[in-house]
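Undergrad: Structure for this input, please:
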Amino acid sequence: MARPLSTEAREKILSTAGEILLDTGVSGFTVDEVVRRSGVAKTTIYRHFDTSAQLIVHALDSIVAPFPTPNTGSLRGDLGAYCEITSQITCDARLRLLMLELLAAAAQNPELAKTKRAMFAERMGPVRTIIQLAMARGEISADVDADFATELAEAPFLAHLMIHGLDAPTEAQLDKMIEFVVAGLTGMGSDAAPAPAH
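TA: Got it, this is the predicted structure:
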């Protein structure tokens, strides 16, 4: 009978892998370096993570605390609160660089791309809930595709990351992006309700 996987070993692997990613980026990451720094055997690492790509994505995900879902009572308020919550990534140049490296590496590595998509889908859960709450309040039309609306809500922020790289958006730019997202989402669908007055 196979021994159960150790939670302590997994946490040590992820912690060490996260440190390496922050030190060297995706391009400099190796499982051998995780072994060297953590003291965890390579066989143990591969019992927890099937591939180095899977370890990279899980380690990157573990660096950032899970995002709670705000519920302020309005789409505009929820998106603004969410931006404040996610400012750890927005304002941290190392994390922004890691995200850019991950996107570039995933474009050439199918395994990394698959794992990255799964991570993004989970990380976008709070935004999807924000969309669903806005639908329930009538701010967004009920016939709008929630998955597409979630991607639309994330698009301006990802676009800024891709275009401006390590230059974090200013508060004014974030406000402008949120306004565009709110206008777009509340205008979608044949029976979309008008945006509420602020």
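
Undergrad: Only C-alpha atoms from now on, for both contacts and neighbour counts.
TA: OK.

Undergrad: pretty sure residue 152 is touching residue 181, no?
TA: Yes - here residue 152 reaches residue 181: they are 7.3 Å apart, a contact under CA atoms under 8 Å.

Undergrad: These two: who's more crowded?
TA: Shown here are residue 152 and residue 181; by other CA atoms under 10 Å, residue 181 has more neighbours (21 against 14).

Undergrad: For the helix or strand where the more buried one lies, which helices and strands make contact with it?
TA: Secondary structure from DSSP states H and E places residue 181 in helix 171-186. Here helix 171-186 touches helix 75-85, helix 146-164, going by 3 or more CA pairs under 8 Å, 6 or more residues apart in numbering; DSSP states H and E.

Undergrad: ranking those helices by burial, who's on top?
TA: Mean neighbour count (mean count of other CA atoms under 10 Å) peaks for helix 75-85 among the helices and strands packed on helix 171-186, with a mean of 19.

Undergrad: Which residue is the nearest non-sequential neighbour of residue 111?
TA: Of all residues not flanking residue 111 in the chain, residue 53 sits nearest, at 6.5 Å (CA to CA, 6 or more residues apart in numbering).

Undergrad: Run a quick neighbour tally on the one you found.
TA: Burial of residue 53 is recorded as 25 neighbouring residues (other CA under 10 Å).

Undergrad: I'd assumed residue 110 was in contact with it.
TA: No - contact criterion CA under 8 Å: residue 53 and residue 110 do not qualify, at 9.4 Å.

Undergrad: just to revisit the earlier point, using CSV, write down the CA coordinates of the helix holding residue 181.
TA: The C-alpha atoms that make up helix 171-186 are tabulated as CSV, following Å, rounded to 0.1, in the frame of the first residue of the first chain:
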residue,chain,number,x,y,z
GLU,A,171,-5.4,54.5,-9.0
ALA,A,172,-6.9,56.8,-11.7
GLN,A,173,-6.2,54.1,-14.4
LEU,A,174,-7.8,51.4,-12.2
ASP,A,175,-10.9,53.6,-11.8
LYS,A,176,-11.1,54.1,-15.5
MET,A,177,-10.8,50.4,-16.2
ILE,A,178,-13.5,49.6,-13.7
GLU,A,179,-15.8,52.2,-15.3
PHE,A,180,-15.2,50.6,-18.7
VAL,A,181,-15.9,47.1,-17.4
VAL,A,182,-19.1,48.3,-15.6
ALA,A,183,-20.3,50.1,-18.8
GLY,A,184,-19.6,47.0,-20.9
LEU,A,185,-21.2,44.5,-18.6
THR,A,186,-24.3,46.5,-17.9
